[in-house]
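Peer 1: take a look and give me a structure for this.
(2 chains)
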There are 2 protein chains.
Amino acid sequence: MGLSIGVVGATGAVGRKVIEILKERKVPIEKLRVFASARSAGEKLDFNGQEVTVELLTEEVMKDKFDYLLFSAGGGVSEKYAPIAAEAGNIAIDNSSQWRMTEGIPLVVPEVNPHVLKDYRGIIANPNCSTIQMMVALAPLHKRYGIKRIVVSTYQAVSGSGHNAIVELEGQMRDAEHPNQVYPKKIAANCIPHIDVFNENGFTKEELKMVYETQKILEDNTIEVNATTVRIPVFYGHSESIYLEFKEEPDLKEVREILENAPGVVVLDNPANNEYPTPLETANTDDTYVGRIRRDLYNPKALSLWVVADNLRKGAATNAVQIIEVMEAMK
Amino acid sequence: MGLSIGVVGATGAVGRKVIEILKERKVPIEKLRVFASARSAGEKLDFNGQEVTVELLTEEVMKDKFDYLLFSAGGGVSEKYAPIAAEAGNIAIDNSSQWRMTEGIPLVVPEVNPHVLKDYRGIIANPNCSTIQMMVALAPLHKRYGIKRIVVSTYQAVSGSGHNAIVELEGQMRDAEHPNQVYPKKIAANCIPHIDVFNENGFTKEELKMVYETQKILEDNTIEVNATTVRIPVFYGHSESIYLEFKEEPDLKEVREILENAPGVVVLDNPANNEYPTPLETANTDDTYVGRIRRDLYNPKALSLWVVADNLRKGAATNAVQIIEVMEAMK
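Peer 2: Below you'll find the predicted structure:
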């Protein structure tokens, strides 16, 4: 028996990627239904050679029986419809930030904290793209040495802002006079230290997501995260420069072994051969890549890493689909 | 009486910028001579409406009398010719990394440590581009609170690699198939955590320059610097995400006042109005811009900053010309 799956926000950048990855990872689907707003309802999508008609998202359809509903239609839609689906007994995997920090809602990176999904039904939150890849790389090191502090600076791709941002960067790369509509500044040949809105404490919401989601996923509110999130003119793939302070002194050889054996991690770290991850080279894959592993020159308990992953895949759609896979494996 | 000035490496990207800035800042020049290798000797340059012929760089011409010689022809040329010039009694301001860490050679950011130039003759080293802008922003804070640790991640423009890198990025922005020759990977729509060569400890030479030059300029070898230097697809202007730990707890209002009053610093920090520096908006100016000033959420002695400056100007040519200005002012 295959699964009954619904995709909410099926015509957006992440929704389309979710459908692509369901197919690619051969999730055993018996029935796929796709939902969107009135603007897209009635459109036809292809799924494994079968035509699927986009249905209008309503409260009623959320009460139908699904094994999994995957939401990627923004926080407002998730706020309204995910509780209805959950109330009806469905599992709703939500890509928005709406439910991530709500007590009792699991925030899951399948390689890191699948145990919180055991016997769970209801809303499940997919973490922020920048958080997911950082967790895949850091959780196994945290388990071994205990992370005290993370200082992270990000290099984030425009695809995280949706299809219009991709069009904006493409346009500006060809023509410097192409106007900026998605971003507050030109993004081609520039970098913008501003993702999501600013909080009164001077951090952006994107930066604070990295702080609080990390603490929730690693179940340790003592981890001190300092983030600076920056948009750069890259289409796909977020990169992160991470400085880590541990409670215990890490052994560099062991750190490499831990990362080489960590689920979802690929170590690319041989500088002598120009081997380190870059977003352009690792895009369109589901792994999280780690390179530039090195010990701090002064603090023996600190080290630096460079972490890259495809923000639309591992940072969003793949992680959501993996939540289905891990829940099915637990049955 | 005007100055007698020589520019060595006059036809390179930085050399041309040096000549432009000498003119722009109205340095009182009586005689300008320009030098280059045999490949460029004989070319004509314009300086204030006068034609200047590029002379062949030889040991002999370095022994002529100059008030200042400005070197921007790479480490090899500086290694050979700067000592000859200095031996002959000239002041040689060197843009390469050749002499920066040599004991007894002043490494100077004019806003920060002009005192080391007092009564000095000989070789003077211009710091690395990434170091200069970081020093302009951090030195006044170090003076007040004492810096314990700096964790910096850079977002560096391709112009730092010379004219061919600009051509390479331009080509790749228009055509993704345009080959990479300057960089080990494609730079358009990508970022590369690799600037200068790798050291055995896993850091690049660019990263180590930021460590040791900082300690030398601030005259404090106890400052612990951790750097990750990254090339991004920007033409002009380096950006830096800086996390700072002080010995004394800083007051955020006072930090802003210190920076607003610091020489060479412009504070652009009003997130509510999307006011923070970006390289595209601040390029082609001589100042160092600071924004995103905020206190760490956990460590009251730590704060974060975003620092941007034009790498060919303040990061190279302007700093060298300012060394002349400050030495003249000291007379």
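Peer 1: which other helices and strands contact the helix-or-strand element of chain A with minimal mean pLDDT?
Peer 2: For chain A, counting by mean pLDDT, DSSP states H and E, strand A:44-47 ranks last in confidence among helices and strands (a mean of 90). Here strand A:44-47 touches helix A:13-24, strand A:29-36, strand A:50-56, going by 3 or more C-beta pairs under 8 Å, 6 or more residues apart in numbering or on different chains; DSSP states H and E. The way it works is simple: take the backbone N, C-alpha and C, and place the C-beta from them, glycine included.
Peer 1: and those as a markdown table, adding distance to chain B and mean pLDDT?
Peer 2: Below are the helices and strands packed on strand A:44-47 laid out as a markdown table (distance: least, C-beta to the nearest C-beta, whole Å; pLDDT from 0 to 100):
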| stretch | distance to chain B | mean pLDDT |
| --- | --- | --- |
| helix A:13-24 | 17 | 94 |
| strand A:29-36 | 29 | 96 |
| strand A:50-56 | 31 | 95 |
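Peer 1: can you get me a residue count around residue A:35?
Peer 2: By the criterion of other C-beta atoms under 10 Å in any protein chain shown, residue A:35 has 25 neighbours.
Peer 1: show the contacting residues for the closest residue to residue A:231 other than its chain neighbours.
Peer 2: Counting by C-beta to C-beta, 6 or more residues apart in numbering or on different chains, residue A:231 lies nearest to residue A:192, which is 4.5 Å off, once chain neighbours are set aside. Applying C-beta atoms under 8 Å, 6 or more residues apart in numbering or on different chains to residue A:192 gives the contacts A:183-185, A:230-231, B:278.
Peer 1: circling back to that earlier point, direction included, what does the least confident helix or strand of chain A pair up with?
Peer 2: Within its sheet, strand A:44-47 is paired with strand A:50-56 (antiparallel), according to DSSP bridges.
Peer 1: any idea of the mean pLDDT in the very next helix or strand once past the strand it pairs with?
Peer 2: Later in the chain than strand A:50-56, the nearest helix or strand by DSSP states H and E is helix A:59-62. For helix A:59-62, the mean per-residue pLDDT is 97.
Peer 1: ok, residues contacting helix A:59-62?
Peer 2: A:6, A:33, A:35, A:55, A:69, A:81, A:84-85, A:88, A:90.
Peer 1: domain-wise, how is chain A divided?
Peer 2: For chain A, automatic domain parsing gives the domain ranges A:3-126+A:316-330, A:130-311.
Peer 1: between those domains, which gets nearest to residue B:94?
Peer 2: domain A:130-311 (25.7 Å; C-beta to C-beta).
Peer 1: residue A:45 versus the closest residue to residue A:313 other than its chain neighbours, what's the distance?
Peer 2: Of all residues not flanking residue A:313 in the chain, residue A:286 sits nearest, at 5.3 Å (C-beta to C-beta, 6+ apart). From residue A:286 across to residue A:45, the span is 22 Å (C-beta to C-beta, to the nearest Å).
Peer 1: pull the contacting residues for residue A:172.
Peer 2: Counting by C-beta under 8 Å, 6+ apart, the residues that residue A:172 touches are A:178, A:180, A:186-189, A:233.
Peer 1: mind checking pLDDT for it?
Peer 2: For residue A:172, the predicted pLDDT is 98.
Peer 1: quickly find the element holding it.
Peer 2: Using DSSP H and E, residue A:172 falls in helix A:163-174.
Peer 1: restricted to helices, list the contacts of residue A:172.
Peer 2: For these, not one is inside helices, with DSSP state H as the criterion.
Peer 1: give me the subset of those touching chain B.
Peer 2: When contact is defined as C-beta under 8 Å from any C-beta of the partner chain, the contacts of residue A:172 meet chain B at A:186, A:188-189, A:233.
Peer 1: picking up where we left off before, buried subset of the contacts of residue A:192?
Peer 2: Neighbour-count burial (16 or more other C-beta atoms under 10 Å in any protein chain shown) is assigned, among these, to A:183, A:230-231, B:278.
Peer 1: for residue A:185, list the residues it contacts.
Peer 2: A:192, B:274, B:278, B:280-281.
Peer 1: strands of chain A, start to end?
Peer 2: In chain A, the strands defined using DSSP state E lie at A:3-8, A:29-36, A:44-47, A:50-56, A:68-71, A:92-94, A:123-125, A:147-155, A:224-228, A:238-246, A:265-267, A:288-295, A:302-309.
Peer 1: closest one to residue B:312 among the ones you listed?
Peer 2: Across the strands of chain A, the minimum distance to residue B:312, taken as C-beta to C-beta, is reached by strand A:147-155, at 22.1 Å.
Peer 1: phi first, then psi, for the nearest residue to residue A:63 once chain neighbours are set aside.
Peer 2: Using C-beta to C-beta, 6+ apart and skipping residues adjacent in sequence, the residue nearest residue A:63 is residue A:88, 4.2 Å away. Main-chain torsions, residue A:88, degrees, to the nearest 10: phi -80, psi 0.
Peer 1: from chain B, how far off is residue A:88?
Peer 2: Residue A:88 is 39 Å from chain B, where distance means C-beta to the nearest C-beta, to the nearest Å.
Peer 1: buried residues in stretch A:159-173?
Peer 2: So stretch A:159-173, judged by 16+ other C-beta under 10 Å, has buried residues A:159-161, A:165-166, A:168-173.
Peer 1: same deal with stretch A:126-138?
Peer 2: A:126-138.
Peer 1: and the residues you listed, which is closest to residue B:224?
Peer 2: residue A:138 (21.6 Å).
Peer 1: the residue nearest to residue A:151 when sequence neighbours are not counted and residue A:138: what is the separation?
Peer 2: The shortest distance from residue A:151 to any non-neighbouring residue, by C-beta to C-beta, 6+ apart, is to residue A:243 (4.2 Å). Taken as C-beta to C-beta, the spacing of residue A:243 relative to residue A:138 amounts to 11 Å.
Peer 1: overlap of the contact sets of the two?
Peer 2: residue A:150.
Peer 1: and residue A:200, how many neighbours?
Peer 2: Counted with other C-beta under 10 Å, residue A:200 comes out at 7.
Peer 1: over to residue A:68?
Peer 2: 24.
Peer 1: what is it paired to in the beta sheet?
Peer 2: If you apply DSSP bridges, the partners that residue A:68 bridges to are residue A:5.
Peer 1: that one is in contact with residue A:8, isn't it?
Peer 2: No - the pair residue A:68 / residue A:8 is not scored as a contact, 11.0 Å apart, by C-beta atoms under 8 Å.
Peer 1: quick check: residues of the stretch 51-200 of chain A near chain B?
Peer 2: Proximity of the stretch 51-200 of chain A to chain B is confined to A:149, A:151, A:153, A:155, A:173-174, A:184-186, A:188-194, A:198 under the rule C-beta under 8 Å from any C-beta.
Peer 1: report the buried members of these.
Peer 2: Judged by 16+ other C-beta under 10 Å, buried ones among those: A:149, A:151, A:153, A:155, A:173, A:186, A:188-194, A:198.
Peer 1: determine which two of these are furthest apart.
Peer 2: That would be A:149 and A:173, which, of these, are the farthest apart (C-beta to C-beta) at 37.2 Å.
Peer 1: circling back to that earlier point, now the contacts of residue A:192 in JSON lines, with pLDDT and distance to residue A:113?
Peer 2: What follows is the contacts of residue A:192, written out as JSON lines (pLDDT from 0 to 100; distance: C-beta to C-beta, whole Å):
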{"residue": "A:183", "pLDDT": "98", "distance to residue A:113": "33"}
{"residue": "A:184", "pLDDT": "97", "distance to residue A:113": "35"}
{"residue": "A:185", "pLDDT": "97", "distance to residue A:113": "37"}
{"residue": "A:230", "pLDDT": "98", "distance to residue A:113": "27"}
{"residue": "A:231", "pLDDT": "98", "distance to residue A:113": "28"}
{"residue": "B:278", "pLDDT": "98", "distance to residue A:113": "37"}
